[in-house]
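> I'll drop the sequence and a predicted model, then ask my questions.
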Amino acid sequence: MELLSGGDILLRALHDAGVKYLWGYPGGAALHIYDAIFRQDKVDHVLVRHEQAAVHAADAYSRTTGEVGAVLVTSGPGATNAITGIATAYMDSIPLVVISGQVVQDKIGDDAFQETDMIGVSRPIVKHSYLVKRPEDIAETIAKAFYIASSGRPGPVVVDIPKDVTDPNTKVAYSYPEKIKLRSYQPTTKGHSGQIKRAVKHLLAARRPVIYSGGGVIMANGSEQLRELARMLNYPVTNTLMGLGAYPGSDRQFLGMLGMHGTFEANTAMHHADLILAVGARFDDRVTNTPAKFCPNATIIHVDIDPTSISKTIRADIPIVGSCDQVMQEMIDQIAASGKRPDGEAIGEWWQQIDEWRERHGLYTASRYGESGGEIIKPQDVIKTLYKVTEGKAYVTSDVGQHQMFAAQYYLFDDPRKWVNSGGLGTMGYGLPAAMGAKMAHPEADVACVTGEGSIQMNIQELSTCTQHQLPVKIINLNNQALGMVKQWQDMQYGSRYSHILYEDSLPDFVKLAEAYGHVGMKVTRYEDLEPAMRECFALKDRTVFLDVYVDPGEHVYPMHVAPGSMRDLWLSKTERT
Amino acid sequence: MRRIISVLMENEPGALSRVVGLFSQRGYNIDSLTVAPTEDQTLSRLTLTTQGDDRIIEQITKQLNKLVDVVKVIDLTEGAHVERELMLLKVRAGGAQRAEVKRTVDIFRGQIVDVGPAGYTVQIAGDSSKLDAFIATLPESDIVEVVRSGVCGLSRGEKSLRV
């Protein structure tokens, strides 16, 4: 039998686990592993400029492909730098395996150079973690890590490997387990048929139904089932921020996003619904507004693979634990077999009501914001232009803030896995490394990073990674010269006392900065230049382009929930509310 | 309401810290905690007492079940169960008091496990309220030291927590 060192075993195991790209950054405790990387050519290592970016890139690679993302960092600061990325993936249930080097086992606990208790530090933000103590255990641990990361409700798994375990002088036999079975971990994937039957009965009896679907549908590859179910019932669909693209954004039955910055029609329909089918969504506080006032008349069917998500914040009347695709498929089959259909007249009236709401305050029926022209560029129009120029087909990553909400509202995603953002943790600095991950996964597709001058500076060093690895992503910077979302809250709740949201002329010249990294920089200040510049940006297929668009600094994101309040309590503009 | 939750989990390093961490992370309280390997050395049995309404306890048990190292979870207080806690207590007992303390220990069916010129070390097992009651019989100034094991328990009858 062939004997391999721990480092070689790790690389072999990663390959056997299906890893194509390993995002990482070397350092002392990981050097044996890096030497093993040098000796092989099956797994491509992508060198980033900061470990946080490695995790975000692997995370976006996973979101846009459905595969498990893989990361390698060293001990101590390498590991702690990865923490924000791991927490981001944890909050959004993204399958990742993060391998961290650790000091040699003799030194663990001695406060050795670059020692951090990575298992302890990462514990609250991982699905599981392993400390590997013997080279014989590496392959099986990697197999378990990939299995745990990708099954059930997915999430990040940390594998901490002390340096002596990858010592090139200690060689052991390699074998990668074909199947993993853990007695303590057997996630439920198949929904209870009796519960599904009950749910179907309520679904068919509904008069004012709404399907509220979230990121779980995308994770479970359940978009087809969602579409089929919604269409066979002719029920309206709203998606969470994480669920955008699961149902086509441009479809008539789509109400837009719901929640704090959701559409008037989605939030109002939710409030008046008599039945809510929640699939792969978790009644996040950014969705529900005040839980006590949430959808007072609705029977709630809640489908989720994670039992802890059910009845955590909002009590479910019919809980169904299972994979969203499987449960919806069984719903479709049961409805088809029953030969029954919803009450056409009631549903017709419901649609009439919804269409009236759309007409009144809908996000897409009339412009809900002021006009662009001359030196005024409305940020919403930048997203609309992006949508037009990319024909709605781009992978769009975003950072966190106003630009994120505008992108979510105005880029109509027709397919799952195209919209990539940090929904749960709200991590500024996510967008650019995420765009790198998406571009690596889909080299032929357009990848746009919608960002702001605040967020982009949190991981701007990755422009250098884009140069080295030829990742021609397009950075669409909505430059309002302030931390816009904070400014909006300070406007609305703090009497416009702008505490530390302005840069006092310290912003870099982004055009020159892009050029310094070998990229193309473009600045747009006039509305008439926006579309031509955007077209030029995407015509430069093999270049990373930084499009710095100066947008109206006074713009707010609307609608916005009035808190505390119910789903339908919304600010529709600076002066108008429901 | 006080609940006793019993957890069967992998006897792995870090497993205990995941359980304890879960409680602090989610804002739940642990009133007592006891843990040791079972007859099968690969498994540990952990018993903890906590407070909460049905909804909180439901979340706690679901969250515990979600931990990868946890094999099974039951809420012992849901049904008939036996619970025991062990207490060792050092108490001043000199002169006339000596016989009085001895009598009280007998009433509580405790044992005196160490004797010194100035006092006794008493061992008492029972449910937590019995231990509380024993402490209440002694003048506070006579109690030198108390250590309690935390509650452990089993459900009555056929029901069991096994792999």
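Perfect, thanks for sending it.
> wait, what's in contact with the most centrally placed residue in chain A?
Geometric centre of chain A, nearest residue: A:Asn421, 3.9 Å, by CA atoms, centre = their mean. Counting by CB atoms under 8 Å, 6 or more residues apart in numbering or on different chains, A:Asn421 touches A:Leu241, A:Thr397, A:Ser398, A:Asp399, A:Val400, A:Gln404, A:Ala407, A:Ala408, A:Tyr430, A:Gly431, A:Ala434. The way it works is simple: take the backbone N, C-alpha and C, and place the C-beta from them, glycine included.
> quick one: it from chain B, how far?
As judged by CB to the nearest CB, to the nearest Å, A:Asn421 and chain B stand 25 Å apart.
> what residues does chain A have near chain B?
Residues of chain A lying close to chain B (CB under 8 Å from any CB of the partner chain) are A:119-120, A:123-124, A:127-129, A:131, A:148, A:182-185, A:306-308, A:311-312.
> just the ones of those in strands?
Members of the residues of chain A next to chain B lying in strands (criterion: DSSP state E): A:His128, A:Ser129, A:Leu131.
> nearest to chain B, of the residues you listed?
A:His128 (4.1 Å; CB to the nearest CB).
> thought the closest one was touching A:Ile148?
Yes - under the criterion of CB atoms under 8 Å, A:His128 makes contact with A:Ile148 at 5.1 Å.
> more neighbours, these two?
More neighbours surround A:Ile148 than the other of A:His128 and A:Ile148, with 25 against 21 (other CB atoms under 10 Å in any protein chain shown).
> OK, contacts around the more buried one?
Neighbours of A:Ile148 in contact, by CB under 8 Å, 6+ apart: A:Lys127, A:His128, A:Val157, A:Leu182, A:Tyr185, B:Val68.
> out of these, which is most surrounded?
A:Val157 leads the contacts of A:Ile148 on contacts (other CB under 10 Å) with 28 neighbours.
> name the element it belongs to?
strand A:156-162 (DSSP states H and E).
> list the contacts of that strand.
Outside strand A:156-162, the residues touching it (CB under 8 Å, 6+ apart) are A:6, A:10, A:29, A:33, A:79, A:86, A:89-90, A:94-105, A:108, A:118-119, A:122, A:125-133, A:138, A:141-142, A:145-146, A:148-149.
> return it as PDB; C-alpha atoms alone will do.
Presented in PDB, the C-alpha positions along strand A:156-162 are these (Å, rounded to 0.1, in the frame of the first residue of the first chain):
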ATOM      1  CA  PRO A 156     -19.300  25.600   7.500                       C
ATOM      2  CA  VAL A 157     -17.100  22.900   9.100                       C
ATOM      3  CA  VAL A 158     -13.600  23.700  10.500                       C
ATOM      4  CA  VAL A 159     -10.800  21.200  10.400                       C
ATOM      5  CA  ASP A 160      -7.900  22.300  12.500                       C
ATOM      6  CA  ILE A 161      -4.700  20.400  11.800                       C
ATOM      7  CA  PRO A 162      -1.600  20.700  14.000                       C
END
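> centre of the chain to it, how far?
22 Å (CA atoms, centre = their mean, to the nearest Å).
> given that strand, what are its sheet partners and their directions?
strand A:96-102 (parallel), strand A:128-131 (parallel) (DSSP bridges).
> run the chain-centre distance for the last one.
Taking CA atoms, centre = their mean, the mean C-alpha location of strand A:128-131 is offset from the chain mean by 24 Å.
> show residues contacting that strand.
A:102, A:118-119, A:122-123, A:141, A:144-145, A:148, A:157-160, A:162, B:13-14, B:68-69.
> in which helix or strand does A:Leu432 reside?
Assigned by DSSP H and E, A:Leu432 falls in helix A:431-441.
> please save the CA atoms from that helix in CSV.
Extracted in CSV, the C-alpha atoms of helix A:431-441 (Å, rounded to 0.1, in the frame of the first residue of the first chain):
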residue,chain,number,x,y,z
GLY,A,431,-19.0,41.6,-2.5
LEU,A,432,-15.6,41.7,-4.2
PRO,A,433,-14.2,38.3,-3.0
ALA,A,434,-17.7,36.8,-3.7
ALA,A,435,-17.5,38.1,-7.2
MET,A,436,-14.1,36.3,-7.6
GLY,A,437,-15.6,33.1,-6.4
ALA,A,438,-18.5,33.4,-8.8
LYS,A,439,-16.2,34.3,-11.7
MET,A,440,-14.0,31.3,-11.0
ALA,A,441,-17.0,29.1,-11.1
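> ok now the next helix or strand after that helix, how far from the chain's centre?
Downstream of helix A:431-441, the first helix or strand assigned by DSSP H and E is strand A:447-452. In terms of CA atoms, centre = their mean, the centre of strand A:447-452 is found 14 Å from the chain centre.
> packing partners for strand A:447-452?
helix A:379-389, strand A:395-398, helix A:402-410, helix A:431-441, strand A:474-479 (3 or more CB pairs under 8 Å, 6 or more residues apart in numbering or on different chains; DSSP states H and E).
> and the angle for that strand with helix A:402-410?
130 degrees (axes from the mean of the first three to the mean of the last three CA atoms, to 10 degrees).
> what sits up against strand A:447-452?
A:383, A:386, A:390, A:394-399, A:401-404, A:406-407, A:411, A:431-432, A:434-435, A:438-439, A:456, A:473-480, A:483-484.
> 6 Å instead, please
Residues from elsewhere that reach strand A:447-452 (CB atoms under 6 Å, 6 or more residues apart in numbering or on different chains): A:394-399, A:401, A:403, A:407, A:431-432, A:435, A:438-439, A:473-478.
> B:Cys152 reaches B:Thr47, doesn't it?
Yes - using CB atoms under 6 Å, B:Cys152 is in contact with B:Thr47, at 4.6 Å.
> tell me where chain B has helices.
B:15-26, B:54-66, B:97-107, B:128-137 (DSSP state H).
> pLDDT added to the ones in strands among the residues of chain A next to chain B, as TSV?
Formatted as TSV, those follow (pLDDT from 0 to 100):
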residue	pLDDT
A:His128	98
A:Ser129	98
A:Leu131	98
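> quick one: secondary structure of the closest residue to A:Pro77 other than its chain neighbours?
Excluding its sequence neighbours, the residue lying closest to A:Pro77 (CB to CB, 6 or more residues apart in numbering or on different chains) is A:Gln114, at 6.7 Å. Classification of A:Gln114 using DSSP: H, G, I helix; E, B strand; the rest coil returns coil.
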